[in-house]
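J.: next come a sequence and a model predicted from it.
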Amino acid sequence: MRPLDDLVRLLEGVEREGTSVVELVCATARPVPWKLYPGENGVFDRTTSSQFYFHAHEGGAHEAGHFHTVRLFPDHTVHLVAISMASNGWPQALSTLNLWAIGDAFAPAAKLKRHVRRFRIDPRRGEPRVVRFVNLVFRAFRAEIERLQDDKIATLDASRRARPGADPFEDRSLEILSGIELDLRRRLGGPRAGVAS
C-alpha cells in the first residue's frame, strides 16, 4: 500500500474514534498557545536523531497548530519542515521556516534533503498513532519536502539580491520561506465513501 493511502487510513481511523491527531498529541482539543506538546522535549529518537513537537500560535485561526520536525545534533538542531494541521485534524500544508522563527542552525539544501530521507521516529517513543502520522507524512510527501528545501534556499537568495548587505536570516518579514498546501483526499481522487470532508 502507498504511504499516502496508509496516511489517509490512519486519519480516517482516528476520526472514527471521535478524536484527531492534534487531540492525541495534546490530550486536549484546544492546545494552549505556545505550549510544546507532548512536553518540552517533544518526541525524539536518538537512533535516527529525529524529533518532532507540536504547538499552536495565539490567534491562529487559519490552523489548529503545527508539528515542527527537526534533525538533532549534539550542539544544535536543523529544522526540516512544519506540518500545519487544519481544524478537522488533517494536515493542510507543509512549510519551511527562517532561522529567527525556529532558532536552529542553517544547513544547505543537499544536507537538508539527506536529513529528510533519514527522518524516522520509533513508534514506541510516543503515542504510536501520532508518531506513525508524522513518519507517514515524511514518506508520502518526501519529494515535496525535499523540493521545499530548494525553494527555501531560492527565497533566501532572492532576499539577498533584493536587499544587499541585509541578513535574510534576521528579516522578520521572512518567516515562511517555502510552502505547499495539502489536500489528501483530492490527491486520492476525491472524497472517500463514508468519510466527511
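T.: Happy to help now that I have it. Numbering: from 1, shown residues only.
J.: state which helix of the chain is the longest.
T.: Secondary structure of the chain per DSSP state H: the longest helix is helix 142-162.
J.: can you tell me what sits against it?
T.: Surrounding helix 142-162, the residues in contact under the criterion CB atoms under 8 Å, 6 or more residues apart in numbering are 80-81, 94-96, 108-109, 112-113, 116-117, 138, 166, 168-169, 171, 174, 177-180. For glycine as for every other residue, the C-beta is placed from the backbone atoms N, C-alpha and C.
J.: for it, buried residues please.
T.: 145, 146, 147, 148, 149, 151, 152, 153, 155, 156, 159 (16 or more other CB atoms under 10 Å).
J.: for stretch 36-54, same thing?
T.: So for stretch 36-54, counting by 16+ other CB under 10 Å, buried means 37-38, 42-45, 48-54.
J.: got the contact list for that stretch?
T.: 22, 25-27, 31, 55, 65-73, 77, 118-122, 125-127, 130-131, 134.
J.: which of the residues you listed fall within strands?
T.: Secondary structure defined by DSSP state E assigns 55, 65, 66, 67, 68, 69, 70, 71, 72, 77 of those to strands.
J.: and which of these is nearest residue 11?
T.: Nearest to residue 11 among the ones in strands among the contacts of stretch 36-54: residue 67, at 13.7 Å, using CB to CB.
J.: and stretch 113-131, which residues are buried?
T.: Buried residues in stretch 113-131, defined by neighbour count with 16+ other CB under 10 Å: 113, 115, 116, 119, 121, 122, 123, 125, 126, 129, 130, 131.
J.: so which helix or strand takes in the second one?
T.: According to DSSP states H and E, residue 115 maps onto helix 109-118.
J.: residue 35 versus residue 42, what's the distance?
T.: Counting by CB to CB, to the nearest Å, the separation of residue 42 from residue 35 is 12 Å.
J.: I should have written residue 168 there, sorry.
T.: 29 Å.
J.: same check on residue 147?
T.: On the measure of CB to CB, residue 147 and residue 35 end up 31 Å apart.
J.: same deal with residue 160?
T.: 35 Å.
J.: low pLDDT regions in the protein?
T.: 1, 60, 189-197 (pLDDT under 70).
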